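Undergrad: pasting a predicted model and its sequence here:
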Protein chains: 2
Amino acid sequence: MDASHDPERRSWVDSASTEGTDFPLQNLPLGVARNAAGAWSVVTAIGDLALDLGRATEAGLLDVVPLDLLIGDERLNRLLAEPAATQTRLRQATADLLDRDGGTEKAARETAGLLRPISSLEMTTPTRIGSFTDFYAGIHHAIAATAATIPGADIHPNYRWVPIAYHGRATTVRPSGIDFARPAGQLPRGDGPPAFGPCEKLDFELELGIYVGAGAIDGEPVPIARAGDHIAGYCLLNDWSARDVQRWEMWPLGPFLAKNFATTISPWLVTVDAMAPFRTPAMRRDDGDPSPLPYLEDERDQAEGGLGIELEVRLRTARMRQNGEPPHPIARCDADYLYWTPAQMVAHHTSGGCGLQPGDLLGTGTISGPVRGERGSLLEMTVDGREPVELPSGERRAFLEDGDEVAFAGRCCREGFVPIGFGECRATVLPAPAS
Amino acid sequence: MDASHDPERRSWVDSASTEGTDFPLQNLPLGVARNAAGAWSVVTAIGDLALDLGRATEAGLLDVVPLDLLIGDERLNRLLAEPAATQTRLRQATADLLDRDGGTEKAARETAGLLRPISSLEMTTPTRIGSFTDFYAGIHHAIAATAATIPGADIHPNYRWVPIAYHGRATTVRPSGIDFARPAGQLPRGDGPPAFGPCEKLDFELELGIYVGAGAIDGEPVPIARAGDHIAGYCLLNDWSARDVQRWEMWPLGPFLAKNFATTISPWLVTVDAMAPFRTPAMRRDDGDPSPLPYLEDERDQAEGGLGIELEVRLRTARMRQNGEPPHPIARCDADYLYWTPAQMVAHHTSGGCGLQPGDLLGTGTISGPVRGERGSLLEMTVDGREPVELPSGERRAFLEDGDEVAFAGRCCREGFVPIGFGECRATVLPAPAS
């Protein structure tokens, strides 16, 4: 751990020291927001405020990377392609600038002039996402979702060997706060002909997103021992799913329209540096589970390749919003329930010859724990709608209804360290367009 | 049919009138090649030669679209985003320039100075492919591949309702002539643990590629009657497949590493205008097959939404190449064996709210006919390797071996029209890298 994790360090931005803030001086995530000139500019979060790193560089307050890596349509892609040491230096210089014991009073005054409330920002996805790949690494999700869909069914024997994944749609990955319309699709009707209409089993999926930093060249598999070096950071990710469409369309080539209408991410990339104190051992295998194949096995990755992130799913219906009721937590679990580590995902993804590009996004797959209250989707939570969730408003939910807002939160806590968070991953289901 | 299909029209480029050329004056496909300044420039093919449309515009010989739509890293993406009428005008102006009865002798002389042999070009994919979606519309392939994999098994009941598709990997789609190494992956070993090593069942898949022209906005489904308007053109596409990897990894989320290591396309976009004379009725349903659901049904599309393209697969082994033997045709079939039309693919793709972007590529899925000799993959042709193909060299192939070259050709023929072709879609399997 370097000095950036020192719990005694504090920012002169007061809200960065508030109990419960996602963005203390020890976090400093990267985002991309519209600046006064209308261009996309790299920003970081400190308490309730955002610092424009492009403007700070223009003003001579930061001098780590060229200005053109911080401003423009490329967003973070080119910055993430830089060596990890560059990103670490940018983080350190930013921390010094915001540290109450850091630089000069003049620098602090000038920096303060560049701060804007996070709530006033127009943010976009941190990277221009070239490719989006979604894994299926939450084993408790795989087990519960399989059983909810086909009572008594077990997961396929490949699960404990293969970090299963599929290619998703990059163009419909959107930052928190962008609502979307309920999708339409073919809906199975028992043995009769399918109907076509608005999805009747709309669901969320609680996932993490993983940003690729350094790219991997096509045809050059990344060894597991170096796979973590290709990861730049993490976000929260909601892989919205149309369960009825999915069940009908997915044989034999997997989900397509059931998933590609919308994916929501928290708009901040929480860096691997900020996450360093919160690494955990890889998920413990059950007795009888196989060891990972050699291309997926690395001692250090097994010891500290996991992620300790407390995750929460909050639901707020239109009625709750009208009544002024707060979002209601309907699930809590931890990211250490991932059967495969992020490094194993990178090693597997590149093992067949397909490279990765800076700014690519990987989803972990839905994260669930083994018990009720830890389920990362309604499919699991309500056993495919058969056991609806009860809300404090007296409403019940088998699947999502129009006007429902789903928000994820993520928080890393460890004794001796200042907790950090991920910001919000939130969107509301709008009615299907009139057809 | 407009004048561009007049069979009497001829170019002053002699090779454009050679029997069997893919590129008569009636074709004029679009490609992207490196120009003398090292930049990507839009080119067309005429006989054995290519005309640089960027340089022709600079020279004042063409004046249809601004130069910046014809030169640069964007390749064809911005040109395809223009109204279809613009692309039609560009085609007509190019035809006039190359017509022996067209322009002035001076213009012809200047144009001749801008021609280069196609064989000397460094070409790239015509568009910067943002997203690649692969369909599964060849019903004879679906039937034969299912039966070859699981003897006696039939295709899933969704097949005749849903234009099944999955998202592929856009970054590994490469133009003809780029060879690739045999991929490695997890290989099933009966009931025992899987092995990890070079693919033992490497295969090709004979497909067409469909380029999106005008984009479709997220959340605004394209009605079937207008879906064809979003298509700019076609190419040949080889969706190389690792059958052993695929069989093990694909449950339940579909193919991933088995397909994403390499996809090869012919480098020319054959325009919808050039294809106009070669449209066919949609594939005739069997008695008892359901009618398409309303969002997929359109009278005009049923009457002329299909494609009449004679397709051929040629295989040449390393030994055949050493012996100077020509590539050997191992399959012939026709694109009108597609159960879903390109317009139905576009309508389905956008029906759930996922838009399309100019330059996106859709694959049709493997095209096979119902009888032996018409199979578009070795999986079908050899019944999963059990009945190897015999080659004139005395060699046999269950699946592809290192050094094997696979080339596709496509040709459109119709009485009263000059035949057009697609150029070559070819690549050779290189040995797996030493591990």
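TA: Received it, and whenever you're ready, just let me know what you need. Numbers count the residues shown, from 1 in each chain, chains lettered A, B, ... in the order given.
Undergrad: give the contact list for A:Gly352.
TA: Residues near A:Gly352 by C-beta atoms under 8 Å, 6 or more residues apart in numbering or on different chains: A:221, B:183-185, B:242, B:245, B:257-258, B:260-261. Where C-beta positions appear, they are placed from N, C-alpha and C, glycine not excepted.
Undergrad: quick one, grab the pLDDT at it.
TA: pLDDT recorded at A:Gly352 is 97.
Undergrad: tell me what A:Gln186 is bridged to.
TA: A:Phe196 (DSSP bridges).
Undergrad: okay, now the closest residue in space to A:Thr280 that isn't next to it in sequence: neighbour count?
TA: Closest residue to A:Thr280 apart from its sequence neighbours, by C-beta to C-beta, 6 or more residues apart in numbering or on different chains: A:Gly306 at 3.9 Å. By other C-beta atoms under 10 Å in any protein chain shown, 24 other residues sit near A:Gly306.
Undergrad: tell me, what's the model's pLDDT at A:Gly306?
TA: At A:Gly306, pLDDT is 98.
Undergrad: thinking again about what came up before, how about the contacts of A:Gly352, which pair is most distant?
TA: A:Pro221 and B:Ala258 (15.2 Å; C-beta to C-beta).
Undergrad: got a markdown table for the contacts of A:Gly352, with pLDDT and distance to B:Gly352 too?
TA: As requested, these are exported to a markdown table (pLDDT from 0 to 100; distance: C-beta to C-beta, whole Å):
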| residue | pLDDT | distance to B:Gly352 |
| --- | --- | --- |
| A:Pro221 | 97 | 34 |
| B:Pro183 | 98 | 31 |
| B:Ala184 | 98 | 35 |
| B:Gly185 | 98 | 31 |
| B:Ala242 | 98 | 29 |
| B:Val245 | 98 | 29 |
| B:Leu257 | 98 | 26 |
| B:Ala258 | 98 | 25 |
| B:Asn260 | 98 | 23 |
| B:Phe261 | 98 | 28 |
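Undergrad: so which of the residues you listed belong to helices?
TA: Members of the contacts of A:Gly352 lying in helices (criterion: DSSP state H): B:245, B:257-258, B:260.
Undergrad: so A:Leu237 makes contact with A:Cys425?
TA: Yes. A:Leu237 is within contact range of A:Cys425, at 6.8 Å (criterion: C-beta atoms under 8 Å).
Undergrad: what residues are shared contacts of those two?
TA: Residues touching both A:Leu237 and A:Cys425 (C-beta under 8 Å, 6+ apart) are A:264-266.
Undergrad: circling back: from the ones in helices among the contacts of A:Gly352, pick the one nearest B:Cys199.
TA: Of these, the one sitting nearest to B:Cys199 (C-beta to C-beta) turns out to be B:Val245, at 5.9 Å.
Undergrad: now for that closest one: which residues touch it?
TA: A:352, B:183, B:185-187, B:199, B:257-258.
Undergrad: so what does A:Ala45 look like in phi/psi?
TA: phi -110, psi 140 (degrees, to the nearest 10).
Undergrad: surely it is in contact with A:Gln26?
TA: No. Assessed by C-beta under 8 Å, A:Ala45 is found out of contact with A:Gln26, at 11.9 Å.
Undergrad: among the two, which residue is more densely surrounded?
TA: Neighbour count, other C-beta under 10 Å: between A:Ala45 and A:Gln26, A:Ala45 has more, with 26 against 22.
Undergrad: residues touching the closest residue in space to the more buried one that isn't next to it in sequence, list them.
TA: Once flanking residues are discounted, A:Ala45 sits nearest to A:Phe23: 4.0 Å by C-beta to C-beta, 6+ apart. Residues counted as contacts of A:Phe23 (C-beta under 8 Å, 6+ apart) are A:16, A:29, A:45-48, A:420-421, A:423.
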